[in-house]
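J.: Quick one: sequence plus predicted model below, questions after.
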Amino acid sequence: MGRILKEKDVEAAVRGGSVYAAGGGGWADHGRMLGYAAVSIGKPELVSIDELSDDDWVATAAAIGAPASTTAWEMRGVDYVKAVELLQDALGEKLSALMVGQNGKSSTLNGWLPSAILGTKVLDAVGDMRAHPTGDMGSIGMAGSPEPMIQTAVGGNRDANRYIELVVRGATAKVSPILRTASDMSGGFIASCRNPLRASYVRNNAALGGISLALTLGEAIIAAEGRGGSAIIETIAKTTRGTILAEGVITDKSVVYTREAFDIGTVSLGKGDDSTVLHIMNEYMAVEDAGGTRLATFPDVITTLSPEGEPLSVGQLQVGMTIFVLHVPKTVIPLASSVLDPSVYPSVEKAMGIELARYALSPSP
């Protein structure tokens, strides 16, 4: 039987999602807004893939964009609902459930409000256990597919007349950039619903159980809260089956915002032989030691924590801060087919100037 998501689950989803956000942005407050609205309006229900029939339709609820605090973005809860309605209209059939492309500060909760209002189930599956820079990395194998897909986007700053509704059809690789452009035009952040697929396909290609893993982690963090920062950090490592790979003072931060709406660069901890370098493209994508030896690579979970145990996004990091680097190897998390798809890596490797695929696609960490 499915699990009705309740008020106490909202904070757990935000907290667990913030660790799996892997340094990505997103807003915890946006996640809380979506979650509290959903649980007060209706009864969003989390279901496992086994509770769906093979031919049920599942689509991905997502938020698109990397709005800096400088952009005048506006996204309302109703925008997520409208995006689902537009997709159902275009498909001509009802969606049974919604999954999300990745965990994150708000993305873990992207499917809750449509579930409360429209009755679509919240599927316990994600396109990637952790957050990632490109939509392809969470597209559960659809990135290179010639199959025509339907994608919708809704949202925008109403006062500036930037509100947009969009329905596009075509191969994922060709229509995804259109949604990114719409996001930019709307003010930098837009709700989307995309890629309706049969549950049988999702079963074989998504990271199953990804939402309940985030909830379990969040519950453990909340339970550890009275015991101080080191207890929280220990709890996060234990619950995720990860380790603290490095700790130290940030000595350098060289991250630039590109025209393609990505934050790219590096953050260094420590000095000399004890230094550690984090490689960033919106999220933490790789970690190297002072000698250039690779210690962790996407799709491993890589997250920075404050001494108080708070997950920090790239934007929060500053030279002089002490941070802990959490590493959860890909061997202990569910992996979706998209993170094992060689075609999703070249564009990210080119943007970052480092190798990823060689490490990501090898069986050992």
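T.: Thanks, I have the structure now.
J.: Let me see the ranges of the strands in the stretch 51-200 of the chain.
T.: 57-64, 97-100, 121-126, 148-155, 164-171, 190-198 (DSSP state E, counting those that start in this stretch).
J.: Ok, which of the ones you listed comes nearest Arg241?
T.: With CB to CB as the criterion, Arg241 lies closest to strand 121-126 of these, at 17.1 Å. For every residue, glycine as well, the C-beta is placed using N, CA and C.
J.: Which secondary structure elements does that closest one sit against?
T.: strand 45-47, strand 97-100, helix 112-118, strand 207-208, helix 210-224 (3 or more CB pairs under 8 Å, 6 or more residues apart in numbering; DSSP states H and E).
J.: related to what we said a few turns ago, need the strands of the stretch 51-200 of the chain in a markdown table with mean neighbour count, can you?
T.: Shown next, in a markdown table, are those (neighbours: other CB atoms under 10 Å):
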| stretch | mean neighbour count |
| --- | --- |
| strand 57-64 | 27 |
| strand 97-100 | 29 |
| strand 121-126 | 28 |
| strand 148-155 | 24 |
| strand 164-171 | 16 |
| strand 190-198 | 26 |
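J.: correct me, but Asn204 touches Ser337?
T.: Yes: Asn204 sits in contact with Ser337 when judged by CB atoms under 8 Å, with a separation of 7.5 Å.
J.: among the helices and strands packed on strand 121-126, which is the most enclosed?
T.: strand 97-100 (a mean of 29; mean count of other CB atoms under 10 Å).
J.: re earlier: got the helices and strands packed on strand 121-126 as TSV, with distance to Val167 columns?
T.: TSV is the format used below for the helices and strands packed on strand 121-126 (distance: least, CB to CB, whole Å):
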stretch	distance to Val167
strand 45-47	27
strand 97-100	17
helix 112-118	16
strand 207-208	27
helix 210-224	27
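J.: So which of those is nearest Met33?
T.: helix 112-118 (9.3 Å).
J.: neighbouring contacts of that closest one?
T.: 5, 34-35, 37-39, 41-45, 61, 77, 80-81, 84-85, 98, 120-122, 193 (CB atoms under 8 Å, 6 or more residues apart in numbering).
J.: Buried ones from these, can you make that a PyMOL selection?
T.: To isolate the buried ones among the contacts of helix 112-118 in PyMOL, judged by 16 or more other CB atoms under 10 Å, type:
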select buried, resi 5+34+35+37+38+39+42+44+45+61+77+80+81+84+85+98+120+121+122+193
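J.: quick one on the thing from earlier: save the strands of the stretch 51-200 of the chain as JSON lines, and put in mean pLDDT and distance to Trp112 too.
T.: Formatted as JSON lines, the strands of the stretch 51-200 of the chain follow (pLDDT from 0 to 100; distance: least, CB to CB, whole Å):
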{"stretch": "strand 57-64", "mean pLDDT": "93", "distance to Trp112": "9"}
{"stretch": "strand 97-100", "mean pLDDT": "98", "distance to Trp112": "9"}
{"stretch": "strand 121-126", "mean pLDDT": "98", "distance to Trp112": "6"}
{"stretch": "strand 148-155", "mean pLDDT": "95", "distance to Trp112": "16"}
{"stretch": "strand 164-171", "mean pLDDT": "96", "distance to Trp112": "21"}
{"stretch": "strand 190-198", "mean pLDDT": "95", "distance to Trp112": "13"}
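J.: out of these, which comes closest to Thr304?
T.: Per CB to CB, nearest to Thr304 of the strands of the stretch 51-200 of the chain: strand 121-126, 21.0 Å.
J.: Please name the residues that touch Cys99.
T.: One correction, residue 99 is Met, not Cys. Here Met99 is in contact with 58-61, 111, 123, 125-127, 202, 206 (CB under 8 Å, 6+ apart).
J.: so which of the helices and strands packed on strand 121-126 comes closest to Gly156?
T.: Closest among those, using CB to CB: helix 112-118, at 17.6 Å.
J.: could I have the closest one exported to CSV, CA atoms only?
T.: What follows is helix 112-118, C-alpha atoms only, in CSV (Å, rounded to 0.1, in the frame of the first residue of the first chain):
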residue,chain,number,x,y,z
TRP,A,112,3.5,16.3,-4.3
LEU,A,113,1.2,19.2,-5.2
PRO,A,114,-0.1,17.7,-8.5
SER,A,115,-0.7,14.5,-6.5
ALA,A,116,-2.7,16.4,-3.9
ILE,A,117,-4.8,18.2,-6.5
LEU,A,118,-5.0,15.9,-9.5
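J.: Which residue ranges of this structure form helices?
T.: Shown for the chain, the helices assigned by DSSP state H span residues 7-20, 28-41, 77-91, 112-118, 172-186, 199-205, 210-224, 229-240, 346-352, 357-360.
J.: Let's have these in JSON lines, adding distance to Ile302 and mean pLDDT.
T.: Converted to JSON lines, the helices of the chain look like this (distance: least, CB to CB, whole Å; pLDDT from 0 to 100):
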{"stretch": "helix 7-20", "distance to Ile302": "11", "mean pLDDT": "98"}
{"stretch": "helix 28-41", "distance to Ile302": "19", "mean pLDDT": "94"}
{"stretch": "helix 77-91", "distance to Ile302": "28", "mean pLDDT": "96"}
{"stretch": "helix 112-118", "distance to Ile302": "27", "mean pLDDT": "96"}
{"stretch": "helix 172-186", "distance to Ile302": "24", "mean pLDDT": "87"}
{"stretch": "helix 199-205", "distance to Ile302": "23", "mean pLDDT": "98"}
{"stretch": "helix 210-224", "distance to Ile302": "15", "mean pLDDT": "98"}
{"stretch": "helix 229-240", "distance to Ile302": "11", "mean pLDDT": "98"}
{"stretch": "helix 346-352", "distance to Ile302": "14", "mean pLDDT": "96"}
{"stretch": "helix 357-360", "distance to Ile302": "12", "mean pLDDT": "96"}
